[in-house]
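Visitor: predicted model and sequence below, questions to follow.
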Amino acid sequence: MHVAHLSLADFRSYARVEVPLDPGVTAFVGPNGQGKTNLVEAIGYVATLGSHRVATDAPLIRLGAERAVVRTGIVRDGRTTLVELEINPGRANRARINRSDNVRPRDVLGLLRTVLFAPEDLALVKGDPGERRRFLDELLTARAPRLAGVRQDYERVLKQRNALLKTAAAARRSGGGKGADLSTLEVWDGHLARAGAELTAFRIQLVAALQPLVAQAYEQLAPGGGETVLEYRSSFEGTLPTSREEAEQQLLAALQEARQQEVARGLTLVGPHRDELGLKLGPLPAKGYASHGESWSYALALRLASYELLKGDGGEPVLILDDVFAELDARRRDRLAELVAGAEQVLVTAAVPEDVPKALSGARFAVADGAVTRLDS
């Protein structure tokens, strides 16, 4: 799998740009702030319907424009699929596949798979649990696009349930001896448990599949650096479920047990939105104990493991390395370059040519003043 062409209209800093791409390594080189990351961000958006830099779509629109359009030609097994996404902040986004309008943006998921390395990845180890949940869920969706619908269902139910709990909490605080009507809460419990159980079961399976791949990647990046352990931690006590049905029963029971506390606080306190992916290095948690270099190796190992997992599913993903080499010491830089150099397509951004390791030789584009110019043509 590789991207053969990228076309942007009013995306980030680009009014218009056309970039033909080849398999192998392509590096976008130029000073910071010139738009290198914008190019790979657009490709990542096609793969995930989201940005690795911002949480909403509004910053993706060029200043003064009403919408942005991203078009890609994706080659897989010798066949090219044309994908077009129209990004409309405040309104529904639109999608086209092979010029057909009869699709939803969600239908684009799975057509392009990417694994993106970026400076923000350090938050996978040092950041809040939400960073690691997002990592798991994006990888799940890449492997099984239908799970995007499960995630949306869960988030919708969670929002409705939280609104009901918030109303109940406000009524209790206002006094008068009469609380809000909670007769529908059990209905929302059932909806939350069903969607949450499916998401939880798939996350647990994913963590088990990642464990040996992360250990292997970490050893390759930092030989003898210690044993990595991934642990999925539920937001309520008990052993991890072994099936979706068991997860649903556990979540229902946990919701019942937490009912009084949730009503008091006006918030759903158990469920996959509160779960955690624990990362250990040796006997200690990586967060707070791993050195800066160890944390980087761990974050890179998580991404390399994701690549191997997706590759094993069929359809090698596009590797994107966004300004990551400038963050690494020489040893980790060289090891990472050696490990990814053989991928079908590798896209690299760097501020200066020296930040691109020699192992990643290939096409070069200069990015400056809104122009993307190929240097080796």
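Guide: Perfect, I can see it now.
Visitor: Three-state assignment for residue 333, please.
Guide: helix (DSSP: H, G, I helix; E, B strand; the rest coil).
Visitor: quick check: it touching residue 325?
Guide: Yes - in terms of Cβ atoms under 8 Å, residue 333 counts as a neighbour of residue 325; the distance is 5.1 Å. All C-beta atoms are positioned from the backbone trio N, CA, C, and that covers glycine.
Visitor: the more surrounded of these two?
Guide: Per other Cβ atoms under 10 Å, whichever of residue 333 and residue 325 has more neighbours is residue 325, with 23 against 18.
Visitor: quick one, what contacts the most centrally placed residue in the chain?
Guide: By Cα atoms, centre = their mean, the chain has its centre lying nearest to residue 138, at 4.0 Å. For residue 138, the contacting residues are 48, 50, by Cβ atoms under 8 Å, 6 or more residues apart in numbering.
Visitor: and if we set it to 6 Å?
Guide: For residue 138, the contact set (Cβ atoms under 6 Å, 6 or more residues apart in numbering) comprises residue 48.
Visitor: look up phi and psi at residue 341.
Guide: phi -60, psi -30 (degrees, to the nearest 10).
Visitor: likewise for residue 56?
Guide: phi -120, psi 170.
Visitor: pLDDT value on it, please?
Guide: Note for residue 56: predicted pLDDT of 91.
Visitor: and for it, the neighbour number?
Guide: 10.
Visitor: adjust the sequence numbering to begin at 211 for everything that follows.
Guide: Noted, 211 is the first residue going forward, which turns the last one into residue 266.
Visitor: who's in contact with it?
Guide: Applying Cβ under 6 Å, 6+ apart, no residues qualify as near residue 266.
Visitor: quick check: it vs residue 581, distance?
Guide: 28 Å (Cβ to Cβ, to the nearest Å).
Visitor: now swap in residue 317 and tell me
Guide: From residue 317 to residue 581 the distance is 33 Å (Cβ to Cβ).
Visitor: try residue 274
Guide: Residue 274 is 19 Å from residue 581, by Cβ to Cβ.
Visitor: who has more neighbours out of the two?
Guide: residue 581 (13 against 7).
Visitor: state the pLDDT value of that one.
Guide: 91.
Visitor: likewise residue 523?
Guide: Confidence score, pLDDT, at residue 523: 89.
Visitor: quick check on it: phi, psi?
Guide: phi -70, psi -20.
Visitor: tell me, how many neighbours does it end up with?
Guide: Neighbour number of residue 523 under other Cβ under 10 Å is 13.
Visitor: show the contacting residues for it.
Guide: Contacts of residue 523 (Cβ under 6 Å, 6+ apart): residue 353.
Visitor: tell me how far it lies from residue 556.
Guide: 19 Å.
Visitor: kindly report the same for residue 586.
Guide: Applying Cβ to Cβ to residue 586 and residue 556 gives a distance of 16 Å.
Visitor: out of these two, which sits in the more crowded spot?
Guide: Per other Cβ under 10 Å, whichever of residue 586 and residue 556 has more neighbours is residue 556, with 21 against 7.
Visitor: please, where are all the strands along the stretch 361-510 of the chain?
Guide: In the stretch 361-510 of the chain, the strands defined using DSSP state E, counting those that start in this stretch lie at 438-443, 486-491, 494-495.
Visitor: need these in CSV (columns: mean pLDDT, mean neighbour count and distance to residue 410).
Guide: Below are the strands of the stretch 361-510 of the chain laid out as CSV (pLDDT from 0 to 100; neighbours: other Cβ atoms under 10 Å; distance: least, Cβ to Cβ, whole Å):
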stretch, mean pLDDT, mean neighbour count, distance to residue 410
strand 438-443, 96, 18, 8
strand 486-491, 96, 19, 12
strand 494-495, 95, 13, 21
